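Q: A predicted structure for the sequence below; I have some questions about it.
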Amino acid sequence: MDNYNIAIDGPAGAGKSTIAKRVAKKLEYIYVDTGAMYRAMALFMLRQEIFAEDEGKISKACNQAEITIEYIDGEQQVILNGENVTGQIRTEEVGKMASAVAKCNAVRTKMVQLQKNLAATSNVIMDGRDIGTVVLPDADLKVYLTASSKERALRRWKELENKGISSDRSEIEADIVKRDFQDMNRENSPLRQAEDAVLVDSSNLTIDEVVDKIILLFKEKCSGELG
Ligand code: C5P
């Protein structure tokens, strides 16, 4: 029996993981957060005190980082060389480093293979930057989820406020714009909307509205096949 795959791509802070997690729960699919894998690789490089600009060292060192994922109570856990690093990869520092290591061909080859293997064995909804274009080019549904940089910065600012961390909204927006530029203009698998992806702009939509829209799109695409 073939597996069903849903690909969600889009820029940082568009709500991909929140949305994908909820869709996965509703469909009883496995959610694969590929950004977390690049983040784990970034953490490894930071621990080795390798600079973001040092592509040569990143290429070499990535062979020493074994990254796998496991699920505990349905939640994805990222394992770096046997250590569960899930709680350590959500910082701005790791996010910026992830965008730098993600430019490296050796890193991408490793991650893409792991992601393809996961999708080959289960029904998955996977989010990232190159899922519809490179990892799952034959996905049953591809969504390009975006929102304005202003809205994305506001969401991130609110998230930090809720954690009691005060921050500067315009600085957050500048970081987001910089990361978008880096992800969209790199040589290897740049972030772009796949030709057959559906564009969803979440700027003026609630989380539930986006989730419902994606499930509807999926059901329409696979009508007749799904039970
Ligand atoms: O989505 P998240 O912010 O966790 O991703 C961190 C970084 O990892 C992104 O800015 C991007 O550079 C990289 N990434 C990627 N390809 C993916 C997922 C993430 O290049 N499929």
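A: The structure has been received and is ready for your questions.

Q: Around the ligand, which positions in this structure sit nearby?
A: Residues of the chain found near the ligand (CB under 6 Å from any ligand atom) are 12, 34-35, 38-39, 95, 98-99, 102, 128-131, 179, 183. Bear in mind the C-beta positions are built from the backbone N, C-alpha and C, glycine included.

Q: now, which of these lie within helices?
A: Mapping the residues of the chain next to the ligand onto helices (DSSP state H) picks out 34-35, 38-39, 95, 98-99, 179, 183.

Q: Nearest to residue 5 among those?
A: residue 34 (12.7 Å; CB to CB).

Q: Find the nearest non-adjacent residue to the most centrally placed residue in the chain, please.
A: In the chain, the C-alpha closest to the average C-alpha coordinate belongs to residue 128, at a distance of 3.0 Å (CA atoms, centre = their mean). Using CB to CB, 6 or more residues apart in numbering and skipping the chain neighbours, the partner closest in space to residue 128 is residue 34 (3.6 Å).

Q: need the contact list for that neighbour.
A: 111, 115, 126-129, 131, 135 (CB atoms under 8 Å, 6 or more residues apart in numbering).

Q: Among those, name the ones in strands.
A: Residues of these located in strands (DSSP state E): 126-128.

Q: Out of those residues, flag the one nearest to the ligand.
A: Using CB to the nearest ligand atom, residue 128 comes nearest to the ligand of these, at 2.3 Å.

Q: picking that back up, ok, the residue nearest to the centre of the chain touching residue 136?
A: No: using CB atoms under 8 Å, residue 128 makes no contact with residue 136, being 9.7 Å away.

Q: okay, and the common contacts of these two?
A: Going by CB under 8 Å, 6+ apart, residues that sit against residue 128 and also against residue 136 are residue 115.

Q: follow-up on the earlier one: quick one: contacts for the residue nearest to the centre of the chain?
A: So residue 128 contacts 8-9, 16, 33-35, 115, 135 (CB under 8 Å, 6+ apart).

Q: want to throw the ones in helices among the residues of the chain next to the ligand into TSV with pLDDT and distance to residue 208?
A: Output for these, formatted as TSV (pLDDT from 0 to 100; distance: CB to CB, whole Å):
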residue	pLDDT	distance to residue 208
34	97	24
35	96	23
38	98	28
39	98	27
95	92	26
98	96	29
99	92	29
179	90	27
183	92	27
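
Q: which residues in the chain form strands?
A: Counting by DSSP E, the strands of the chain are 5-9, 30-33, 67-72, 75-80, 83-84, 124-128, 141-146, 198-201.

Q: Save the ones you listed as JSON lines, and put in distance to residue 60 and mean pLDDT too.
A: Converted to JSON lines, these look like this (distance: least, CB to CB, whole Å; pLDDT from 0 to 100):
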{"stretch": "strand 5-9", "distance to residue 60": "29", "mean pLDDT": "98"}
{"stretch": "strand 30-33", "distance to residue 60": "26", "mean pLDDT": "96"}
{"stretch": "strand 67-72", "distance to residue 60": "16", "mean pLDDT": "94"}
{"stretch": "strand 75-80", "distance to residue 60": "17", "mean pLDDT": "96"}
{"stretch": "strand 83-84", "distance to residue 60": "21", "mean pLDDT": "98"}
{"stretch": "strand 124-128", "distance to residue 60": "24", "mean pLDDT": "97"}
{"stretch": "strand 141-146", "distance to residue 60": "34", "mean pLDDT": "98"}
{"stretch": "strand 198-201", "distance to residue 60": "38", "mean pLDDT": "97"}
